[in-house]
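# have a look at this prediction, sequence included:
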Amino acid sequence: MSSKDLNYYVTKFTKLRVDRAHGSVAPHKPILLLSVIELIEQGLLSHNQIPLSAELIAAFLKLWQPLGSNAHNADIGMPFFHLKSDGFWHFKPNPGFEALLFSGARVRAVGVLRQAVEYAYLDDELFELLQQPVSRNSLIAVLLDNWFADKNQQIEEILSRNALEDFQKELLATGGKVYQEAELKDEAKVVVRDATFRRAVISAYNRRCAFCGLQILDSLCQNVVDGAHIMPFSQFYDDRIDNGISLCKNHHWAFDKGWFSIGDDFTLLVKDDLHEDAPNCRPMKQFNGDRIRLPVHTQYYPRLEALRWHRQHVFGAA
């Protein structure tokens, strides 16, 4: 019988190995654990696989606001890597990164971790305890009482909110944002920004491809469409919703390659030199002249300035 019972993990959570070098406790590890537990409660982590995803980062940044320390930065890469020293947090490396992760090197940059780690995972015993409401609430209480005893009054309400959905609602309400380059230096926030934009655009188009109308959803509402930028973010830093369009994977790729564009009247303009063999679906050229599927709300319609840029610099250049 395993000795890794609830009391074992209560002790582990009470004695997390944290940095105390700056005159105050670095709260990164307990906040990361609370973020993981939040995703489990919301049904977003049903398997013992914890990628460094936009959902996890958003939950971490949300919890950092009430729980974080002014003496430390909200850097999720640090606890995501160093929690392995506490014995119950493990890595599934991506192929080719095994030596890096187990070499003793400190891999803490978010971009590098997302390349190197397919997912983190917990001890099976701990993950099972976190599936059960009673033991899960006990472990939440341990984290709050031991690490945030002076701050835990409003945490229950905060834990119940989906952080990425909150960011998405804010983006939809404001119509989006054009960023300054200096705002994009934090890798973790860039991951959240990218996911928030794409989800907001997809939501505006009712999770359908604007080109072909395709909609496929799973039980978690994950879908086959992307929120594509019309004018590339890498050049314009433009995350306004009207610089986005919802496209399935195939038509997103084709749009970025300039195989089709969209006129000012929102009709499709398809290259006439495509050689297509599509026995089980409608060829792209047959969509030429069709009107795209548009959002319900006119403020999210593709911006004409962005469409004109795409026609000149991408469609025209193809």
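Received, thanks. Numbering: from 1, shown residues only.
# give me the nearest residue to Q131, chain neighbours excluded.
Nearest non-adjacent residue to Q131, counting by Cβ to Cβ, 6 or more residues apart in numbering: I40, 7.1 Å away. Placement of C-beta: from N, CA and C, glycine included.
# give me the element that neighbour is part of.
Taking DSSP states H and E as the definition, one finds I40 inside helix 28-41.
# what's the offset of that helix from the middle of its chain?
Centroid displacement of helix 28-41 relative to its chain, using Cα atoms, centre = their mean, to the nearest Å, is 15 Å.
# the lengthiest helix in the chain: which residues count as buried?
Ordering each helix of the chain by length in residues (DSSP state H) puts helix 187-204 first. For helix 187-204, the neighbour count (16 or more other Cβ atoms under 10 Å) marks 187-193, 195-204 as buried.
# ok, back up a step: elements contacting the helix holding I40?
helix 54-67, helix 77-82, helix 124-131, helix 133-147, helix 155-159 (3 or more Cβ pairs under 8 Å, 6 or more residues apart in numbering; DSSP states H and E).
# looking at those helices, which is nearest to K12?
helix 124-131 (8.2 Å; Cβ to Cβ).
# so the closest one versus helix 133-147, what angle?
100 degrees (axes from the mean of the first three to the mean of the last three Cα atoms, to 10 degrees).
# any chance you could list what contacts helix 124-131?
Helix 124-131 is contacted by residues 2, 4-6, 8-9, 36-37, 40, 48, 88, 121-122, 135-136, 139 when judged by Cβ atoms under 8 Å, 6 or more residues apart in numbering.
# give me the buried entries from these.
In these, the ones that pass as buried (16+ other Cβ under 10 Å) are 4, 6, 8-9, 36-37, 40, 48, 88, 121-122, 135, 139.
# where do the strands sit along the protein?
89-93, 117-122, 225-229, 244-248, 260-262, 268-270 (DSSP state E).
# any chance of JSON lines for the ones you listed, columns mean pLDDT and distance to A99?
Formatted as JSON lines, those follow (pLDDT from 0 to 100; distance: least, Cβ to Cβ, whole Å):
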{"stretch": "strand 89-93", "mean pLDDT": "95", "distance to A99": "9"}
{"stretch": "strand 117-122", "mean pLDDT": "96", "distance to A99": "13"}
{"stretch": "strand 225-229", "mean pLDDT": "94", "distance to A99": "33"}
{"stretch": "strand 244-248", "mean pLDDT": "96", "distance to A99": "38"}
{"stretch": "strand 260-262", "mean pLDDT": "97", "distance to A99": "44"}
{"stretch": "strand 268-270", "mean pLDDT": "97", "distance to A99": "47"}
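# so in this protein, where's the weakest helix or strand by average pLDDT?
helix 155-159 (a mean of 67; mean pLDDT, DSSP states H and E).
# which non-adjacent residue is nearest the residue nearest to the spatial centre of the chain?
With distances taken as Cα atoms, centre = their mean, A54 lies nearest the centre of the chain, 2.1 Å away. Of all residues not flanking A54 in the chain, A195 sits nearest, at 3.3 Å (Cβ to Cβ, 6+ apart).
# how much space separates that neighbour from L6?
34 Å (Cβ to Cβ, to the nearest Å).
# tell me how many other residues crowd D150.
5 (other Cβ atoms under 10 Å).
# quick one, grab the pLDDT at it.
Predicted confidence (pLDDT) at D150: the value is 72.
# against Y237, how distant is the residue nearest to L45 when sequence neighbours are not counted?
The shortest distance from L45 to any non-neighbouring residue, by Cβ to Cβ, 6+ apart, is to L39 (4.3 Å). Going from L39 to Y237 by Cβ to Cβ gives 29 Å.
# who has more neighbours, those two?
When L39 is set against Y237 and neighbours are counted by other Cβ under 10 Å, the residue ahead is L39, at 20 against 16.
# contacts only, for the more buried one.
Applying Cβ under 8 Å, 6+ apart, the residues near L39 are 45, 55-56, 59.
# tell me how this protein divides into domains.
Structural domains assigned to the chain are 6-161, 166-315, following automatic domain parsing.
# burial count for D19?
Counted with other Cβ under 10 Å, D19 comes out at 16.
# distance of the residue lying closest to it once chain neighbours are set aside from A141?
Nearest residue to D19, sequence neighbours excluded (Cβ to Cβ, 6+ apart): A26, at 3.9 Å. Separation of A26 from A141 (Cβ to Cβ): 21 Å.
# can you list the low-confidence ranges for the stretch 101-250 of the chain?
Low-confidence regions of the stretch 101-250 of the chain, defined by pLDDT under 70, span residues 152-160, 219-221.
# make it 80
Applying pLDDT under 80 to the stretch 101-250 of the chain flags residues 104-105, 149-164, 217-222.
# quick revisit: could I get the average pLDDT for the helix holding I40?
On average, helix 28-41 scores 94.
# tilt between that helix and helix 124-131?
60 degrees.
# then helix 28-41 to CSV, C-alphas only?
Below are the C-alpha coordinates for helix 28-41, written out as CSV (Å, rounded to 0.1, in the frame of the first residue of the first chain):
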residue,chain,number,x,y,z
HIS,A,28,5.6,31.1,-7.0
LYS,A,29,5.3,27.4,-6.1
PRO,A,30,2.1,27.6,-4.0
ILE,A,31,0.5,29.9,-6.6
LEU,A,32,1.4,27.4,-9.4
LEU,A,33,-0.1,24.6,-7.4
LEU,A,34,-3.3,26.6,-6.8
SER,A,35,-3.4,27.3,-10.6
VAL,A,36,-3.2,23.6,-11.4
ILE,A,37,-5.9,22.9,-8.9
GLU,A,38,-8.1,25.6,-10.4
LEU,A,39,-7.8,24.0,-13.8
ILE,A,40,-8.7,20.6,-12.3
GLU,A,41,-11.8,22.1,-10.6
